[in-house]
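> fold the stuff below for me.
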Amino acid sequence: MTATPHVTPPELVRLEPDQYGQKHPVENEKIIAQGLALLEEEIAKLPEEKKEGIRQAEERYPELAKSDEHKLMFLRCEQFNADLAAKRFAKYWNKRIELFGDKAFEPLTLDKALRDDEAALSNGFIRLMPTKDNTGRPIIWIDPSFLDDTKYTRESMARALIYIAHAALEEESAQQKGVIFMCYNGNNPKFEQIDRQLITLLAGALTGVMPLRVSALYILHTPFLFNVLANVLMFFLGEKLQKRIRILPNKVKEIVERLEASGIELDILPTELNGSITLDQEQWLEERRMAGK
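Here you go, the predicted structure:
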């Protein structure tokens, strides 16, 4: 059975696959304009019940929901396949409203939509590194040993993930090429810290929803409970993201060698991997708060 072709700008050209097997569209003003026009057409075709979130967003937060800059992130995420971008755009607003309630229509800043999520944000489970790989991809650092569900709700941690993902997307290179996730297990997370319901919620907030391409998910320092963690990840991430998982050896030297071979040099890695970057979540949050982000 022949697959239905996607809706793309007629002159769209994609580059050869990169080290993660991703083909990136060649952008110019004409391609972007055509893509945005096609996206509007595809959004109009969606069933009304699936567009409820978009309708509310356009009424209550039109300066964002109707902006080309916002919609372009979804086109880039779906490699200018306007039909897929329209579906993701609709799912995004439905999920944002589900998780944020009325705050979905406020700016995603620490003092606005995230004002009640300080504990989850400062926890350290999810952090955006201040460095990028040699192609401009931001790196999101995950450390399950920081999980402590007595200090935040699962929904609050999902909102924290969305905030950090949007912080990564402030870089145009992240919109165009995607981001890298690194799951660090060197601090030996305990079995009881692996919260399946939380992983389900986080995967549901990210997969097919956020305008974020996951280039790779590196698993560092395979934990004793990896079979449990892997089974949960495989089930909830879906087939496409499963292919992005890269399990690295346990020795730091071998981890660094593998990462450097993929364009992630030692000097941009955190001290946990003998790099020069100290991850200070409190300082990062304070800098963003001072900047009104």
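> and the helix ranked longest in the chain, what does it pack onto?
Looking only at the chain and at elements set by DSSP state H, the helix with the highest residue count is helix 82-100. For helix 82-100, the packing partners by 3 or more Cβ pairs under 8 Å, 6 or more residues apart in numbering; DSSP states H and E come out as helix 29-45, helix 52-60, helix 68-77, helix 154-168, helix 196-206. Placement of C-beta: from N, CA and C, glycine included.
> how far off centre is the last one?
This points to helix 196-206. Mean-position distance between helix 196-206 and its chain equals 12 Å (Cα atoms, centre = their mean, to the nearest Å).
> next SSE downstream of that helix?
Sequence-wise, the next helix or strand downstream of helix 196-206 (DSSP states H and E) is strand 214-220.
> list the strands paired with that next one, with their directions.
Using DSSP bridges, the strands paired with strand 214-220 are strand 179-184 (parallel), strand 245-247 (parallel).
> deepest of these, which one?
Among these, the stretch with the highest mean neighbour count (mean count of other Cβ atoms under 10 Å) is strand 179-184, at a mean of 24.
> so what touches it?
Contact with strand 179-184 is made by 133, 137-144, 165, 168, 212-221, 264, 272-273, as judged by Cβ atoms under 8 Å, 6 or more residues apart in numbering.
> make it 7 Å
133, 137-143, 168, 212, 214-221, 272 (Cβ atoms under 7 Å, 6 or more residues apart in numbering).
> pLDDT below threshold where in the stretch 151-293 of the chain?
Low-confidence segments of the stretch 151-293 of the chain (pLDDT under 70): 189, 191-192, 223-243.
> please redo it, this time with the cut-off set to 50
Applying pLDDT under 50 to the stretch 151-293 of the chain picks out residues 235-236.
> CA atoms only: put the longest helix of the chain into CSV for me.
These are the backbone C-alpha positions of helix 82-100, laid out as CSV (Å, rounded to 0.1, in the frame of the first residue of the first chain):
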residue,chain,number,x,y,z
ALA,A,82,2.6,21.0,6.6
ASP,A,83,0.1,18.3,7.3
LEU,A,84,2.1,16.8,10.1
ALA,A,85,2.9,20.3,11.5
ALA,A,86,-0.8,21.1,11.6
LYS,A,87,-1.5,18.0,13.7
ARG,A,88,1.4,18.8,16.0
PHE,A,89,0.2,22.4,16.4
ALA,A,90,-3.2,21.3,17.4
LYS,A,91,-1.9,18.7,19.9
TYR,A,92,0.4,21.2,21.4
TRP,A,93,-2.3,23.7,22.3
ASN,A,94,-4.6,21.0,23.6
LYS,A,95,-1.8,19.6,25.8
ARG,A,96,-0.7,23.1,26.9
ILE,A,97,-4.2,23.9,28.1
GLU,A,98,-4.5,20.5,29.8
LEU,A,99,-1.3,21.0,31.8
PHE,A,100,-1.4,24.8,32.4
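> so where is the stretch 1-150 of the chain shaky, pLDDT-wise?
Residues of the stretch 1-150 of the chain meeting the criterion pLDDT under 50: 1-2.
> could you list the buried residues of the longest helix of the chain?
By neighbour count on 16 or more other Cβ atoms under 10 Å, the buried set for helix 82-100 is 82-97, 99-100.
> between helix 29-45 and that helix, find me the angle.
Going by axes from the mean of the first three to the mean of the last three Cα atoms, to 10 degrees, helix 82-100 is angled at 60 degrees with respect to helix 29-45.
> please list all residues in contact with residue 93.
Residue 93 makes contacts with 53-54, 57, as judged by Cβ under 7 Å, 6+ apart.
> residues contacting the spatially closest residue to it that is not a sequence neighbour?
Setting aside the residues directly before and after it, residue 93 is nearest to residue 53 in space (Cβ to Cβ, 6 or more residues apart in numbering), at 3.2 Å. Listed by Cβ under 7 Å, 6+ apart, the contact set of residue 53 reads 90, 93-94, 97.
> and the closest residue to residue 32 other than its chain neighbours, how far is that from residue 19?
If the residues on either side of it in the chain are set aside, residue 32 comes closest to residue 72, at 6.5 Å by Cβ to Cβ, 6+ apart. When distance is defined by Cβ to Cβ, to the nearest Å, residue 72 is 25 Å away from residue 19.
> of the two, give the one with the bigger neighbour count.
Residue environment comparison for residue 72 versus residue 19 gives the larger neighbour count to residue 72, 21 against 13, counting by other Cβ atoms under 10 Å.
> tell me how far the more buried one lies from residue 22.
Here residue 72 is placed at a distance of 18 Å from residue 22 (Cβ to Cβ).
> and for residue 183?
Counting by Cβ to Cβ, the gap from residue 183 to residue 22 is 20 Å.
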